[in-house]
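**Student:** quick check, what structure comes out for this input:
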Amino acid sequence: MHEIRRARLSDARAIADIYNWYVENATVTFEVDPVSEQEMAQRIETRLAKHEWLVCARGDEVLGYAYAGPYHARAAYRFTTESTVYLRNGMQSQGLGTELYRATIERIFALGYTSLIGVIALPNDASVRLHESLGFEKVAHLRRVGWKHDRWIDVGSWQLEQKTQMAKPLREPGMS
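**Tutor:** Numbers count the residues shown, from 1 in each chain. Model (predicted):
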């Protein structure tokens, strides 16, 4: 059995281990150097201040994580977040990513954000299927914008808007 819960700073080592597998072995992240436990703890703390970071855990073992953070720094983007989900290698295709991402989406919209952007290094059929199964729609495709593992990588953006979009937001996001 597993649980979805808010990330803790004590999860940083496990989260860094999950992420660093992708840094070293895949093109789904454009980072090329492994991230330290301390750096990951800082990232978690920063996201939790105004956004969300969830983990899927079985006992003390972190199986995956999802978070949302700022899409861009400029103030006009403050209602939009960029979201992502990572599972421990080998944990894919068990429904954990869907459950984790769905919980993240619900919490982000509850915080007052109105739009999530999923940025996907392409090709990545599994991530595209996940995003589209949750209602994200493809809104952009950039060709050859990343160079990793001796090849060019395209990037697509998928967007999910809160179903109850209003003409004007009721409050500033991230204030629970």
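**Student:** and the residue nearest to Ala14 when sequence neighbours are not counted, how many neighbours does it have?
**Tutor:** Using CB to CB, 6 or more residues apart in numbering and skipping the chain neighbours, the partner closest in space to Ala14 is Val62 (3.8 Å). Backbone N, C-alpha and C define where each C-beta goes, glycine included. Neighbour count for Val62, taken as other CB atoms under 10 Å: 24.
**Student:** from Arg107, how far out is Val62?
**Tutor:** With the distance defined as CB to CB, to the nearest Å, Val62 ends up 18 Å from Arg107.
**Student:** how about the contacts made by the closest residue to Arg43 other than its chain neighbours?
**Tutor:** Closest residue in space to Arg43, ignoring its immediate chain neighbours: Val35 at 7.8 Å, by CB to CB, 6+ apart. Counting by CB atoms under 8 Å, 6 or more residues apart in numbering, Val35 makes contact with Ala16, Tyr19, Asn20, Val23, Arg43.
**Student:** most neighbours of all these, which one?
**Tutor:** Ala16 (21 neighbours).
**Student:** list the buried residues of the helix or strand harbouring that residue.
**Tutor:** Using DSSP states H and E, Ala16 maps to helix 12-25. Of the residues in helix 12-25, Ala12, Ala14, Ile15, Ala16, Asp17, Ile18, Tyr19, Asn20, Tyr22, Val23 count as buried by neighbour count, 16 or more other CB atoms under 10 Å.
**Student:** residues contacting that helix, please?
**Tutor:** If you take CB under 8 Å, 6+ apart as the criterion, helix 12-25 is touched by 7, 28-29, 31-41, 44, 55, 61-62, 64-65, 86-89.
**Student:** so where is the chain shaky, pLDDT-wise?
**Tutor:** Along the chain, segments meeting pLDDT under 70 span 164-171, 175-176.
**Student:** can we see that at 80?
**Tutor:** Scanning the chain for pLDDT under 80 picks out 91, 163-176.
**Student:** next one: the spatially most central residue of it from Gly59, what distance?
**Tutor:** Taking CA atoms, centre = their mean, the centroid of the chain lies closest to Thr84, which sits 1.4 Å from it. Thr84 sits 24 Å away from Gly59, taking CB to CB as the criterion.
**Student:** from the contacts of helix 12-25, which would you call buried?
**Tutor:** Among those, those classed as buried by 16+ other CB under 10 Å are 7, 28-29, 35, 40-41, 44, 55, 62, 64-65, 86-88.
**Student:** farthest pair within those residues?
**Tutor:** Greatest spatial distance in the buried ones among the contacts of helix 12-25: Val28 and Ala41, 21.9 Å, computed using CB to CB.
**Student:** alright, that wraps it up for me.
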